[in-house]
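Enquirer: Below: sequence and its predicted model.
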Amino acid sequence: MRNIVVSGGSGALGSAFIAGLARKYPRACIHNLSRTPATVADAQVRPVQVDYPDEASVQGAAETVTQAGAVDLVIVAGGMLHRGDMMPEKSLRDLSADKLLALYAANTVAPALMAKHFLPLLPRDRRAVFAALSARVGSISDNRLGGWYSYRASKAALNMIIRTAAVEMGRRNPQAIVAGLHPGTVDSALSRPFQGNVASERLFSPQYAVARMIGVIEGLTASDSGCCLAWDGSRIDP
């Protein structure tokens, strides 16, 4: 790995990805894409400000990143489940256009624009990976509990973006792998209001979840492109 991009680098998982990848690939240049990227003393990590989902801003970030050469790994770690009083829906009564649009913008549109502008930066002469954080609740076949309309739908749409981009990249750049990653339930601000029913052994620290997902990324092959895989490497049905 020579040139790495982590989008959403200021979040719990994004910052854990940056730290974990910096340890694993000490000679790589790591670009921290965020609305408010933190400036760190380590010259290995380069902050890049991005205003998601403004396409011009995403395109500008891609132009900045490509100055360091082809990109070996792109991690899209941003996303939204709740914000302020905007909480996941328990029933159709709670559904609103504002919630749908906000979650689609964060969970579907932003990663789609990242794919549009960063997949062309992947090298053609070697293996490279574009991975976006998805969620098991985005699986249509696995939905037995209902609720969480906007979040489920936005992640299901993301999974379709991943699958469709993988089909295109299979024709344009067969060595590129496009995949979704499910981190499990991570102890973070995103999941904190919903941790009450999660067994302690199933509530992961960001560092643990990221270490497992980096292992999954290392093991990805062309046959995994277009799929969504969990932190333990198991495939999640569409």
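Expert: Here it is on my side, so go on. Numbering: from 1, shown residues only.
Enquirer: Next, the buried residues of stretch 174-184.
Expert: Using 16 or more other Cβ atoms under 10 Å as the test for burial, stretch 174-184 gives 176-184. C-beta: built from backbone N, CA, C; applies to glycine.
Enquirer: can you redo those as CSV with distance to F204?
Expert: Listed next are the buried residues of stretch 174-184 as CSV, based on distance: Cβ to Cβ, whole Å:
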residue, distance to F204
A176, 28
I177, 24
V178, 24
A179, 19
G180, 17
L181, 13
H182, 11
P183, 7
G184, 5
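Enquirer: Look up how far L73 lies from the residue in the chain sticking out farthest from the centre.
Expert: Here the centre of the chain is the reference, and by Cα atoms, centre = their mean the most remote residue is R93, at 29.6 Å. The gap separating R93 from L73 is 42 Å, by Cβ to Cβ, to the nearest Å.
Enquirer: packing partners for the longest helix seen in the chain?
Expert: The longest helix of the chain (DSSP state H) is helix 149-172. Contacts defined by 3 or more Cβ pairs under 8 Å, 6 or more residues apart in numbering; DSSP states H and E place helix 149-172 against helix 97-104, helix 110-118, strand 128-133, strand 176-182.
Enquirer: Now do the longest one, average pLDDT.
Expert: What that stands for is helix 110-118. Computed over helix 110-118, the mean pLDDT rounds to 98.
Enquirer: go on, the first one?
Expert: Along helix 97-104, the predicted local confidence has a mean pLDDT of 96.
Enquirer: quick one: buried residues of it?
Expert: 99, 102-104.
Enquirer: export these to TSV and tack on distance to L229?
Expert: Below are those laid out as TSV (distance: Cβ to Cβ, whole Å):
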residue	distance to L229
K99	28
A102	27
L103	22
Y104	23
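Enquirer: Closest to A166 out of those residues?
Expert: Here the nearest of the buried residues of helix 97-104 to A166, counting by Cβ to Cβ, is Y104; it sits at 20.5 Å.
Enquirer: ok, of the buried residues of stretch 174-184, which one's closest to G69?
Expert: When the buried residues of stretch 174-184 are compared against G69 (criterion: Cβ to Cβ), the nearest one is A176, at 15.5 Å.
Enquirer: How far off centre is stretch 86-98?
Expert: Centroid separation between stretch 86-98 and its chain, computed with Cα atoms, centre = their mean, to the nearest Å, is 24 Å.
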